[in-house]
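Asks: quick one, structure for this:
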Amino acid sequence: MNPRVYRIVFLVIALALTVGVFSLWGEFGRALGAYMAVAYKDEPPKPTGVVTMSIVQPKPGCGKDKKEQCPKP
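Replies: Purely as a prediction, here's the structure:
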């Protein structure tokens, strides 16, 4: 066959593969968007107003005359 025919056949195949891949990728994106809309439809829980905290006690022997570093309040 003529080299020009090979080039045309190769370009047609490459173009068909490109269109097919973009078409499938578009369908995948659409399906993923629909799934995400359903899967993450729930809103985060609202705060109840209850707050818990723990108090960190200073190390024993911590004072102004000591050289040890004390946690700052």
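
Asks: what distance do you get for residue 39 to residue 24?
Replies: 22 Å (Cβ to Cβ, to the nearest Å). Backbone N, C-alpha and C define where each C-beta goes, glycine included.

Asks: oops, could you answer that again for residue 30 instead?
Replies: Relative to residue 24, and taking Cβ to Cβ, residue 30 is found at 11 Å.

Asks: check the offset of the helix or strand harbouring residue 17 from the chain's centre.
Replies: Assigned by DSSP states H and E, residue 17 falls within helix 3-39. Computed by Cα atoms, centre = their mean, to the nearest Å, the chain-centroid distance of helix 3-39 equals 25 Å.

Asks: and for stretch 1-18?
Replies: Computed by Cα atoms, centre = their mean, the chain-centroid distance of stretch 1-18 equals 40 Å.

Asks: what's the pLDDT at the residue nearest the centre of the chain?
Replies: The structure's the chain has its C-alpha centroid closest to residue 36; by Cα atoms, centre = their mean the separation is 12.5 Å. Looking at residue 36, its pLDDT is 85.

Asks: repeat that for residue 15.
Replies: Per-residue pLDDT puts residue 15 at 96.

Asks: that one: how many residues sit nearby?
Replies: Counted by other Cβ atoms under 10 Å, the residues lying close to residue 15 total 10.

Asks: now do residue 11
Replies: Using other Cβ under 10 Å, residue 11 has 10 other residues around it.

Asks: show me where pLDDT drops low in the protein?
Replies: Applying pLDDT under 70 to the chain flags the ranges 42-44, 58-73.

Asks: repeat the analysis, applying 90 as the threshold.
Replies: Residue ranges of the chain with pLDDT under 90: 1-2, 32-73.

Asks: residue 6 and residue 18: what is the separation?
Replies: Counting by Cβ to Cβ - residue 6 and residue 18 are separated by 18 Å.
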